[in-house]
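Enquirer: all I have is the shape, not the residue letters:
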């Protein structure tokens, strides 16, 4: 009964947007539930600093230290499958603590994950260099922003996607399996599976088709062997 009442009266908004009161929730429920919270909380700060220490160690590894990199990733991430490769430098608010990677994911240099809440990525997805995935955002109203209030929305990226260089994916977005996002895109809304999408804001341009399955570039055929 208490739990039901907690969520029934979860948020109150008073005084023209100048004051936000979140009732009965601890700070982790707020930040993973999409509610406003204070990211400057001391307990969060200590936990975040600890996570970032491991990220620092990862970014300081030598290219030859592949086993050390794999070990650190398993310690850093909420979940990570086999044979994932993330080229340093890797940047993350929580060092990957709220990131869920499948297997055989590749991320080129400067992957940035603002993982203040959860990010899910399916098997065999690829990230080009300088991709940013954002879960954290702030109210548009000036008063709560003065108080540094923040809220977070999870991001979900399907399996076997290709996220082109310089793409930014905003909070709350879901991208379907096999979808290709063109370089430099700003993804502000969900994208379905099996499409090619690009632009700022990113839009679906077409479905992946039979020609794509036969040719990889102009008249150059794919050799499956």
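Expert: Arrived safely, thanks for sending. Computed from a predicted structure; not experimentally measured.
Enquirer: remind me which residues of the protein are low pLDDT?
Expert: The model of the chain has pLDDT under 70 over residues 1-23, 224-225.
Enquirer: buried residues, the helix ranked longest in it. List them.
Expert: Ordering each helix of the chain by length in residues (DSSP state H) puts helix 42-59 first. Of the residues in helix 42-59, those buried by neighbour count under the rule 16 or more other C-beta atoms under 10 Å are 44, 48, 51, 52, 54, 55, 58. All C-beta atoms are positioned from the backbone trio N, CA, C, and that covers glycine.
Enquirer: cool, stretch 60-70 as well?
Expert: Within stretch 60-70, the residues that count as buried by 16+ other C-beta under 10 Å are residue 69.
Enquirer: go on, stretch 83-93?
Expert: Within stretch 83-93, the residues that count as buried by 16+ other C-beta under 10 Å are 84, 86, 88, 90, 92, 93.
Enquirer: run the chain-centre distance for it.
Expert: 12 Å (C-alpha atoms, centre = their mean, to the nearest Å).
Enquirer: about what we covered before: which strands and helices sit next to the longest helix of the chain?
Expert: Contacting helix 42-59 under the criterion 3 or more C-beta pairs under 8 Å, 6 or more residues apart in numbering; DSSP states H and E are the following elements: helix 27-33, helix 66-76, strand 91-92.
Enquirer: looking at the ones you listed, spot the one closest to residue 111.
Expert: Of all those, strand 91-92 sits nearest to residue 111, with 7.1 Å by C-beta to C-beta.
Enquirer: direction included, what does the closest one pair against?
Expert: Under the criterion DSSP bridges, strand 91-92 sits next to strand 112-114 (parallel) in its sheet.
Enquirer: what about the partner strand, distance to the chain center?
Expert: Offset of strand 112-114 from its chain centre (C-alpha atoms, centre = their mean): 6 Å.
Enquirer: tell me which stretches of the chain form helices.
Expert: 2-8, 27-33, 42-59, 66-76, 142-146, 210-214.
Enquirer: in JSON lines, list those helices along with distance to residue 106.
Expert: As requested, the helices of the chain are arranged in JSON lines below (distance: least, C-beta to C-beta, whole Å):
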{"stretch": "helix 2-8", "distance to residue 106": "39"}
{"stretch": "helix 27-33", "distance to residue 106": "27"}
{"stretch": "helix 42-59", "distance to residue 106": "16"}
{"stretch": "helix 66-76", "distance to residue 106": "13"}
{"stretch": "helix 142-146", "distance to residue 106": "36"}
{"stretch": "helix 210-214", "distance to residue 106": "20"}
